[in-house]
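Peer 1: A structural model of the following input is requested.
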Amino acid sequence: MKLSVILVVSREQQPVLRQALASLLASAAPFPFEVIVVDNAAADFESKLAPFLERIRVVRNPENLGFTRGNNRGAAVAVGEFLLFLNSDTRVFADTLARLVAFAEEHPDAGAVGPLVLNDDRSLQLSYGRPLSLFSEFWQKAVAAPLARRRRPEGLQVRQVGWVSGCCLLTRAAYFPGGRVFDEHIFLYFDDSELCARLRSQGRAVYFHPGARMVHLGGASVSSMPARTAVEYRRSQLHVYRKHLPAWQLKVLKLYLWLKFRWKLLRSRNSEERSAAEQILALLKNFPSD
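Peer 2: Below is the predicted model of the structure:
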């Protein structure tokens, strides 16, 4: 088997998930591929997947194990030479799978390959960036993301980057015996940055390949639980900084987050925002700096 495509399903709306699977199963790939859907204790799972059950493999989890553990469970049973991790709020084009695999085969140094990611209106969605650091995070939010909204996707070129988005990420199964692809200390967010940092530390390249395209709606699976996702975002950010960056960067990040969420706790009148701020401040208090 050339390719295994892995999707983790938790809180997606039924139409969103069905569009993702329909586009995937309609792919014009010149090689056999399997689709593995990991059920992260999704509500009405069977009804969501009813039209596709005969064409996919299903891995059932008794509870929501999070994005990383869910994907790893899918990778552990995959038989493909390549693994493609795909968010369930995406739509691939007919040639997306073929282009990603062909590029990886032409670049044996590739540890991860990510495509051109588009919003639903076909505008550019920023899906790659510089290696993770305090500076690169500031650059991405203050400069790169605003510029991306004005860039024409047609002008982008293949390039080596620091990370590519986990909404659609291709890698080789041989790199991960036993299927332990993602860091399971991460429940949600920064999983792609951490994986790409680990691959780069092993001497493998991370490529952005705009010749392959896909659409990502973004946030469809987490929009119903904003407080939980805010806390998990910061928990994952702190973990990845501690794992991959110098200690001083983690200390600066912790100080910045303390000031930011202390101010939010003092100023906000929204109960959900205040709850998230309280949880993040408690996280910061107990999170080690070394």
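
Peer 1: so the nearest residue to Ser123 once chain neighbours are set aside versus Gln279, what's the distance?
Peer 2: Counting by CB to CB, 6 or more residues apart in numbering, Arg149 is the residue found nearest to Ser123 once chain neighbours are left out, at 6.6 Å. Using the backbone N, CA and C atoms, a C-beta is placed for each residue, glycine as well. When distance is defined by CB to CB, to the nearest Å, Arg149 is 31 Å away from Gln279.

Peer 1: which of the two has more neighbours?
Peer 2: Gln279 (18 against 11; other CB atoms under 10 Å).

Peer 1: which residues sit in contact with that one?
Peer 2: Neighbouring residues of Gln279 by CB atoms under 8 Å, 6 or more residues apart in numbering: 227, 231.

Peer 1: got a pLDDT number for it?
Peer 2: At Gln279, the model reports a pLDDT of 94.

Peer 1: next, the buried residues of the helix or strand hosting it.
Peer 2: For Gln279, the host element (DSSP states H and E) is helix 271-286. By 16 or more other CB atoms under 10 Å, the buried positions in helix 271-286 come out as 273-277, 279-281, 283-284.

Peer 1: mind checking the SS state of Val5?
Peer 2: State at Val5, reduced to three classes by DSSP: H, G, I helix; E, B strand; the rest coil: strand.

Peer 1: if I look at it, how far off is Ile186?
Peer 2: Using CB to CB, Val5 is found at 21 Å from Ile186.

Peer 1: just want to know which of those two has more residues nearby.
Peer 2: Shown here are Val5 and Ile186; by other CB under 10 Å, Val5 has more neighbours (27 against 24).

Peer 1: all strands for the chain, in order.
Peer 2: Along the chain, counting by DSSP state E, strands occupy 3-9, 33-40, 57-61, 82-86, 90-92, 110-118, 128-129, 159-160, 163-164, 168-172, 205-216.

Peer 1: could these go into a markdown table alongside distance to Gly74 and mean pLDDT?
Peer 2: Output for those, formatted as a markdown table (distance: least, CB to CB, whole Å; pLDDT from 0 to 100):
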| stretch | distance to Gly74 | mean pLDDT |
| --- | --- | --- |
| strand 3-9 | 4 | 93 |
| strand 33-40 | 5 | 92 |
| strand 57-61 | 6 | 89 |
| strand 82-86 | 8 | 97 |
| strand 90-92 | 15 | 96 |
| strand 110-118 | 17 | 97 |
| strand 128-129 | 23 | 94 |
| strand 159-160 | 27 | 96 |
| strand 163-164 | 19 | 98 |
| strand 168-172 | 13 | 98 |
| strand 205-216 | 18 | 97 |
